[in-house]
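# fold the following and give me the result.
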Amino acid sequence: MTEREIKFKYRLDALIKLRAAERDVLKIEVERAFGEVERKTRERDSISRSIRLAEEELRSLCRSGAELQLENQLRLQLYLRQQWEMRSAKQSELDEAARVASLVVAQLDLKLKDTKALESHRERKRRQFDGEQLRAAMNVADEQWSRCKRGHGG
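Residues are numbered from 1 along each chain as shown. Predicted coordinates:
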């Protein structure tokens with residue numbers, strides 16, 4: 001590298017690195033949020049299966065003409081009511097987890113766009129810098145050629 005050659009330095013490189021680190025953290029948050037959505041979905045679906053099985057069993061007993069004692073009927077009704085309430089609570093938890101996941105995805109999307117804009121800006125500045133360096137090098141070469149030509153009587 002000659003004295004005239006200057007290395008390209010982008011004044012916002014630190015900001016790009018910061019945005020990249022923030023993006024990486026948000027990617028982990030997205031994975032965690034979707035994991036939570038999956039876990040809440042499994043919990044809700046498990047309760048739904050329990051309800052469905054209990055209701056199918058009750059319908060089967062009724063079709064077969066089996067008589068349930070009043071105490072057993074009340075217990076079963078209480079169990080089903082509790083299961084439906086628990087399923088409703090799990091659905092609310094799932095809805096909240098999905099809302100949080102959606103917010104984190106939106107934040108990641110913004111961070112990706114921000115980082116891409118900075119990187120595009122850096123590339124434009126690099127091309128501008130390279131052009132300036134090329135023009136400076138051509139001016140030096142022209143100057144040297146002119147001196148050489150004058151020195152040889154041209």
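
# for the chain, give me the ranges with low pLDDT.
1-5, 153-154 (pLDDT under 70).

# by residue count, what's the longest helix in it?
As assigned by DSSP state H, the longest helix anywhere in the chain is helix 70-151.

# so what secondary structure elements neighbour that one?
Judged by 3 or more C-beta pairs under 8 Å, 6 or more residues apart in numbering; DSSP states H and E, helix 70-151 is in contact with helix 13-63. All C-beta atoms are positioned from the backbone trio N, CA, C, and that covers glycine.

# how far away from the center of its chain is the helix it packs on?
Helix 13-63 sits 16 Å away from the centroid of its parent chain (C-alpha atoms, centre = their mean, to the nearest Å).

# picking up where we left off before, how many degrees apart are the longest helix of the chain and helix 13-63 in direction?
160 degrees (axes from the mean of the first three to the mean of the last three C-alpha atoms, to 10 degrees).

# quick one: residues in contact with stretch 33-43.
Residues outside stretch 33-43 that contact it (C-beta atoms under 8 Å, 6 or more residues apart in numbering) are 90, 93-94, 97-98, 100-101, 104-105.

# out of those, which are buried?
90, 93-94, 97-98, 101, 104 (16 or more other C-beta atoms under 10 Å).

# okay, these in TSV with distance to residue 130 next?
Formatted as TSV, the buried ones among the contacts of stretch 33-43 follow (distance: C-beta to C-beta, whole Å):
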residue	distance to residue 130
90	59
93	55
94	53
97	49
98	47
101	43
104	38
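
# quick check, nearest of the residues you listed to residue 14?
Nearest to residue 14 among the buried ones among the contacts of stretch 33-43 is residue 104, at 24.8 Å by C-beta to C-beta.

# so the closest one touches residue 27, yeah?
No: if you go by C-beta atoms under 8 Å, residue 104 and residue 27 don't touch, sitting 9.5 Å apart.
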